[in-house]
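Trainee: Need a 3D model of the sequence below.
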Amino acid sequence: MFNTLKADFTNIFDRDPAARNWLEVLLCYPGLQAIALHRIAHALYHLRLPFIPRFISHLARFFTGIEIHPGATIGSGLFIDHGMGVVIGETAILGNDCLIYQGVTLGGTGKESGKRHPTLGDGVVVGAGAKVLGNIEIGSDVRIGAGSVVLKSVPSHCTVVGVPGRVVYQSGARVSPLDHNKLPDSEARVIRALLDRIEALENKLTTLEEDRKSERELLSQAAQRLELCDEKAAAFEALLNSAEEVPERAIATAVAEIADHMDLSELSEKPSPACEIRDRAITEYLDGAGI
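Mentor: Model (predicted):
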């Protein structure tokens, strides 16, 4: 137990830049005090002593604002920063070198007996106000964003954000556990993707409207040409039906004029390119990697 308490004490200097000297940490860090009292209560709890372990837990809650059930199993090097409002349930299991901020709940989801609280691996960081509920497993080196609600198991080396919590992989990049500003915003990415999709559809609609306008203009021109063809054809027919002899050159000229007016090659439709929209961010957000 002494080595575990020593690891809890020294880990504070690695995790908290505000920690300056051992006396300040020993007397002014409620997280360390709550963990130290829990170590004692947990040992007595396994000796099956009645009342005393729960009373020690109650005293720790009264003085520190941190409630840890004596039955919870906590590895070495746990750091509870600030700590007010932290609740850790009876069957919760925490690995080594975990970091928990204020307002975190590691609780159950029902009244069932047996294992009903979460299990956290080594190096897990749980942001302020996050809730991890039920008999689920959180892998090692997982980062849970502030205010998230996690209800399903999470694989190792990923980040969970949102309500309910959704996994966002970090592609192997190691991030400092204190860099909360580097948590990805999956909802913002999805909204951005939706806005891009709407913009692409609006551009496509504008293009289609312009194409329809061009087609109407071409059809109007074609109608005018057909009217001229009808007029030329009628004049040519009248010329042929006349009693006078028609020169061959006049016939050829009339036929050429009719052919020119019947040239409608400009009306051939040009295929419009398909509107390709990339919505991978939307798919990843909705899938949520099982979360």
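Trainee: Distance check, Ser113 against Ala72.
Mentor: Computed as CB to CB, to the nearest Å, the Ser113 to Ala72 distance reads 16 Å. From N, CA and C alone the C-beta is placed, and that goes for glycine too.
Trainee: just Leu44 next, same as before
Mentor: Applying CB to CB, the value for Leu44 to Ala72 is 13 Å.
Trainee: Between these two, which has more neighbouring residues?
Mentor: Using other CB atoms under 10 Å as the criterion, Leu44 and Ala72 rank with Ala72 on top: 21 against 17.
Trainee: how about stretch 135-142: buried residues?
Mentor: Neighbour counts over stretch 135-142 (16 or more other CB atoms under 10 Å) mark 135-136, 138-142 as buried.
Trainee: which ones among those are found in strands?
Mentor: Of these, the ones assigned to strands by DSSP state E are Ile138.
Trainee: Now flag whichever of the buried residues of stretch 135-142 is closest to Arg15.
Mentor: Of all the buried residues of stretch 135-142, Arg15 sits closest to Asp141, with 14.5 Å by CB to CB.
Trainee: how deep is the residue nearest to that closest one when sequence neighbours are not counted tucked in, by neighbour count?
Mentor: Excluding the flanking residues, the one nearest Asp141 by CB to CB, 6 or more residues apart in numbering is Gly123, at 4.6 Å. Number of residues near Gly123 (other CB under 10 Å) recorded here: 19.
Trainee: With the one 5 residues further on instead?
Mentor: Other residues lying near Ala128 total 17 when counted by other CB under 10 Å.
Trainee: same check, this time on Ala188
Mentor: Per other CB under 10 Å, the neighbour tally for Ala188 reads 10.
Trainee: ditto for Val154
Mentor: Applying other CB under 10 Å, we find 27 other residues in the vicinity of Val154.
Trainee: Thought Arg143 was touching it, still the case?
Mentor: No: at 9.8 Å, Val154 does not count as touching Arg143 under the criterion of CB atoms under 8 Å.
Trainee: okay, and the common contacts of these two?
Mentor: Common neighbours of Val154 and Arg143 are listed as Val160 (criterion: CB atoms under 8 Å, 6 or more residues apart in numbering).
Trainee: Helices along the stretch 101-250 of the chain, start to end?
Mentor: 186-241, 248-261 (DSSP state H, counting those that start in this stretch).
Trainee: any idea which of the ones you listed scores lowest on pLDDT?
Mentor: For the helices of the stretch 101-250 of the chain, mean pLDDT drops lowest on helix 248-261, to a mean of 59.
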